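Enquirer: have a look at this fold, sequence not included:
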Ligand SMILES: C[S@@+](CC[C@H](N)C(=O)[O-])C[C@H]1O[C@@H](n2cnc3c(N)ncnc32)[C@H](O)[C@@H]1O
């Protein structure tokens, strides 16, 4: 077992992840909590292969996806119980700077650690949705959110996704809630609602992830192996221009729909990031091998693994088609 952190990873976010998931956060190995998985009728046909993107890899992914982490704004505590509904002095900028962007989707979230990190590290992202097929992995994620709320009730609360309003006590909501849970960030003032939602189910199904949600998504992370390309590519085609995708699979090689992909490959360095973030990106937060592959730190390979970043742009001439994928696959 080895620990694998990096400088660009704010320690306060790491501390919160450890409070939620335990000290093994950021560990390399194949005996992690998420490796244990149930087999049943629902999961029988899916690939339940497991591995985690580590906090350092997630920090890099956030840069690649154009989501700018603001570590200094993620610190706790930010609100004390005595303050009631008042914002902490100095925290008002959180409200002012929160963008109205669509949800950040973590498809195949495992135990939800990546989704929680995104939520904690990116105050400007108002809605993160993590979806996991395996009930046991989802349960670990839900338990982690409970632990976080127990430790920081002044900063977070849990609500049922099934309940539209946030005024019911958590225990009432939880009793009718088996398959989803919502963490609400109380650190913002009342005008801003920041939520992290864990859903248990198959993200290929409309009832689990709606087309409307895909249409409005600001960014998508998908770290899946052996998923039917036809099914997920059909879903991805609903993305709007500007949506970024970070994927373990390279759709330039696997595109199988007759219609061209809306997505275009975004090589490392072509991220139009502010200079300051590019420097972080090129420093300790990034590593690549001699082939120039864009590597991210993961739990199953201490050398890192290549991920691919794409941006949707329906106005641009297609660059990924079934024909280009067939040629790329033969290279
Ligand atoms: C390689 S793990 C990645 C976990 C997480 N993204 C991380 O980095 O820690 C992929 C996860 O996707 C889940 N999965 C596979 N197919 C899925 C589907 N159709 N819908 C939802 N989850 C799925 C698997 O059960 C597995 O937990």
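Expert: All right, it came through fine. Bear in mind the structure is a predicted one, so any value in this text is a computation, not a measurement.
Enquirer: make it CA atoms for all contacts and neighbour counts henceforth
Expert: Fine.
Enquirer: gap between residue 126 and residue 218?
Expert: 11 Å (C-alpha to C-alpha, to the nearest Å).
Enquirer: okay, residue 249 and the ligand: tell me how far apart.
Expert: 11 Å (C-alpha to the nearest ligand atom, to the nearest Å).
Enquirer: ok, now residue 55?
Expert: 9 Å.
Enquirer: what number of residues lie near residue 14?
Expert: Residue 14 has 19 neighbours, counted by other C-alpha atoms under 10 Å.
Enquirer: my bad, residue 139
Expert: 20.
Enquirer: over to residue 226?
Expert: 10.
Enquirer: that one against residue 47, yeah?
Expert: Yes. Look at residue 226 against residue 47 with C-alpha atoms under 8 Å: they come within range, at 6.2 Å.
Enquirer: still on that earlier bit, residue 126 and residue 218 - which one has more neighbours?
Expert: Here residue 126 and residue 218 are compared on neighbour count by other C-alpha under 10 Å; more neighbours surround residue 218, at 26 against 21.
Enquirer: list the residues that contact the more buried one.
Expert: Applying C-alpha atoms under 8 Å, 6 or more residues apart in numbering to residue 218 gives the contacts 101, 102, 103, 104, 242, 243, 244.
Enquirer: tabulate those residues (CSV), appending neighbour count.
Expert: Listed next are these as CSV, based on neighbours: other C-alpha atoms under 10 Å:
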residue, neighbour count
101, 14
102, 18
103, 21
104, 27
242, 16
243, 23
244, 27
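Enquirer: circling back: find the residues that touch each one of residue 126 and residue 218.
Expert: Residues touching both residue 126 and residue 218 (C-alpha under 8 Å, 6+ apart) are 101, 102, 103.
Enquirer: phi, psi for the second one please.
Expert: Backbone dihedrals for residue 102, given as degrees, to the nearest 10, come out at phi -80, psi -180.
Enquirer: shouldn't it be in contact with residue 212?
Expert: No. Contact criterion C-alpha under 8 Å: residue 102 and residue 212 do not qualify, at 10.2 Å.
Enquirer: and the stretch 101-250 of the chain, which residues reach the ligand?
Expert: 107-110, 113-114, 131-134, 201-204, 223-224 (C-alpha under 6 Å from any ligand atom).
Enquirer: who wins on neighbours among these?
Expert: For those, the largest number of neighbours (other C-alpha under 10 Å) sits with residue 110, at 31 neighbours.
Enquirer: can you pull the contacts of that residue?
Expert: Here residue 110 is in contact with 34, 50, 52, 131, 132, 134, 137, 138, 141 (C-alpha under 8 Å, 6+ apart).
Enquirer: likewise for residue 268?
Expert: So residue 268 contacts 64, 294 (C-alpha under 8 Å, 6+ apart).
Enquirer: next one: it from residue 297, what distance?
Expert: Residue 268 sits 15 Å away from residue 297, going by C-alpha to C-alpha.
Enquirer: what ranges do the helices span in the stretch 51-200 of the chain?
Expert: Taking DSSP state H, counting those that start in this stretch, the helices of the stretch 51-200 of the chain run over residues 55-64, 92-97, 113-121, 135-151, 170-175.
Enquirer: quickly, which of the ones you listed bottoms out on average pLDDT?
Expert: Among the helices of the stretch 51-200 of the chain, helix 92-97 carries the lowest mean pLDDT, at a mean of 34.
Enquirer: can you tell me the closest non-neighbouring residue to the residue of the stretch 201-331 of the chain found nearest the ligand?
Expert: Per C-alpha to the nearest ligand atom, residue 202 is where the stretch 201-331 of the chain lies closest to the ligand, at 3.5 Å. With sequence-adjacent residues excluded and distances taken as C-alpha to C-alpha, 6 or more residues apart in numbering, residue 202 is closest to residue 133, at 5.2 Å.
Enquirer: ok, the one you found to residue 139 distance?
Expert: From residue 133 to residue 139 the distance is 11 Å (C-alpha to C-alpha).
Enquirer: helix, strand or coil: sort out the residue of the stretch 201-331 of the chain closest to the ligand for me.
Expert: coil (DSSP: H, G, I helix; E, B strand; the rest coil).
Enquirer: can you map out the strands along the stretch 201-331 of the chain?
Expert: For the stretch 201-331 of the chain, strands defined by DSSP state E, counting those that start in this stretch occupy the ranges 219-222, 244-247, 263-265, 287-288, 294-298, 301-306, 308-312.
Enquirer: which parts of the fifth one are buried?
Expert: When burial is assessed from 16 or more other C-alpha atoms under 10 Å, strand 294-298 yields the following buried residues: 294, 295, 296, 297, 298.
Enquirer: who's the first one bridged to?
Expert: The residues paired with residue 294 through beta bridges, assigned by DSSP bridges, are residue 288.
Enquirer: quick one on the thing from earlier: rank the strands of the stretch 201-331 of the chain by pLDDT, which is bottom?
Expert: When I compare the strands of the stretch 201-331 of the chain, strand 287-288 is least confident, with a mean of 54.
Enquirer: so, low pLDDT: which residues of the stretch 101-250 of the chain?
Expert: Applying pLDDT under 70 to the stretch 101-250 of the chain flags residues 160-178, 189-191.
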